[in-house]
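Novice: Have a look; sequence and predicted model below, questions after that.
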Amino acid sequence: HVQLVESGGGSVQAGGSLRLSCEVSGITEGTNCIGWFRQAPGKSREGVAAIDTRGSVTIADSVKGRFTISRDNANNAVYLQMNSLKPEDTAMYYCAARSTGCDLSARRYTYWGQGTQVTVS
């Protein structure tokens, strides 16, 4: 069983920064790829960034140049550094894991965390 726990969300002003963390525990063989997704009220879930165990990264165009994803394999943690935040970045942010592939298709991810709220005003 895999557990993912997000942390680091909060409220910031536009232009500010936040760093989200995703801690992975349990049987981690199925977590080759960790992705970050977000969902705003009334909108569909959107893929933000993903990273595999080799460090290969996929970033959504909407956050490219502002968000960075990184991974600490030794500590089973993935981070999302968010800079130059905009009000449209406001959403619940989730991390998710899958065993094969590493794109931003949410339906391909097997395990999901409970989410952390990011609010930009």
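Specialist: Sure, I can see it.

Novice: For my notes, confirm E29 occurs in a helix.
Specialist: Yes: read with DSSP: H, G, I helix; E, B strand; the rest coil, E29 is one of the residues of a helix.

Novice: so who does it touch?
Specialist: Residues near E29 by CB atoms under 8 Å, 6 or more residues apart in numbering: S99. All C-beta atoms are positioned from the backbone trio N, CA, C, and that covers glycine.

Novice: So for the residue nearest the centre of the chain, what's the pLDDT?
Specialist: Taking CA atoms, centre = their mean, the centroid of the chain lies closest to W36, which sits 2.0 Å from it. If you check W36, the pLDDT there is 98.

Novice: A74 now?
Specialist: 88.

Novice: for T28, same thing?
Specialist: Residue-level confidence at T28 comes out at 71, pLDDT.

Novice: Might one say that it is in contact with V2?
Specialist: Yes: when contacts are counted by CB atoms under 8 Å, T28 is listed as touching V2 (6.6 Å).

Novice: Could you tell me how many residues sit around the nearest residue to A96 once chain neighbours are set aside?
Specialist: Closest residue in space to A96, ignoring its immediate chain neighbours: Y109 at 3.8 Å, by CB to CB, 6 or more residues apart in numbering. If you count neighbours by other CB atoms under 10 Å, Y109 ends up with 24.

Novice: mind checking the SS state of T68?
Specialist: Following three-state DSSP, we place T68 in the strand state.

Novice: pretty sure it contacts V78?
Specialist: No: contact between T68 and V78 fails when scored by CB under 8 Å: they sit 11.3 Å apart.
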